[in-house]
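J.: Everything below, folded, please.
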Amino acid sequence: MIPHLLRLAASVATSPHSIDHRNHRLGAVGVRKDGIIVSARNGAQKVNNFYRSMPSIHAEVRCLRKMDLGGVIYVARVASEGLALARPCITCQQILRGKRIKKVVYSISDLEYGVLYL
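T.: Below is the predicted model:
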């Protein structure tokens, strides 16, 4: 069974307010040590009042900006057929480790998810 917070990350990824209307629909939900839940999605970078055509900031890194050290992050990717693989890239893993995030739960499919311990 897919955790509730992973489903919440998927809904963040498909928000109608997203500025990134391409195929990079990733959302992240973070649970801080104090229990507060924060969220973010992949974002295009704003340059001179227009948005670049490539997602320059990954959802999990944007989520980290709202978190203290530690906590848990849930990352989901939404594809046309449902949830898809959203394992954080090597660079994001290093950033997460630097912020003392010990556990990342990520989508694999609608029926599977993975857990990455850092």
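J.: Return the set of buried residues in stretch 96-106.
T.: Leu96, Lys99, Ile101, Val104, Val105, Tyr106 (16 or more other C-beta atoms under 10 Å). Yep, even glycine has a C-beta here, placed from its N, CA and C like the rest.
J.: Val78: what secondary structure?
T.: Each residue gets one of three states, and Val78 gets strand by DSSP: H, G, I helix; E, B strand; the rest coil.
J.: per-residue confidence for it?
T.: Looking at Val78, its pLDDT is 91.
J.: Any figure for the gap between Ile57 and Leu26?
T.: As for Ile57, its distance to Leu26 is 11 Å (criterion: C-beta to C-beta, to the nearest Å).
J.: Need the overlap of contacts for the two.
T.: By C-beta atoms under 8 Å, 6 or more residues apart in numbering, Ile57 and Leu26 have these common neighbours: Asn42.
J.: Looking at these two, which has the bigger crowd around it?
T.: Neighbours per residue, other C-beta atoms under 10 Å: of Ile57 and Leu26, the larger number sits with Leu26, 27 against 15.
J.: May I have the residues that are in contact with that one?
T.: Leu26 sits in contact with Ala13, Arg41, Asn42, His58, Ala59, Val75, Ala76, Arg77, Val78, Ala86, where contact means C-beta under 8 Å, 6+ apart.
J.: Would you reformat these as CSV and include neighbour count and distance to Tyr117?
T.: CSV is the format used below for the contacts of Leu26 (neighbours: other C-beta atoms under 10 Å; distance: C-beta to C-beta, whole Å):
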residue, neighbour count, distance to Tyr117
Ala13, 27, 23
Arg41, 27, 24
Asn42, 23, 24
His58, 23, 19
Ala59, 31, 20
Val75, 29, 14
Ala76, 30, 18
Arg77, 23, 20
Val78, 22, 24
Ala86, 29, 16
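J.: C-terminal to the one helix or strand Ala10 maps to, what's the next element?
T.: Secondary structure from DSSP states H and E places Ala10 in helix 4-13. Per DSSP H and E, the first helix or strand lying C-terminal to helix 4-13 is strand 26-31.
J.: Tell me if I'm right that Ile57 and Cys63 touch.
T.: No. Taking contacts as C-beta atoms under 8 Å, Ile57 lies outside contact range of Cys63: 10.2 Å.
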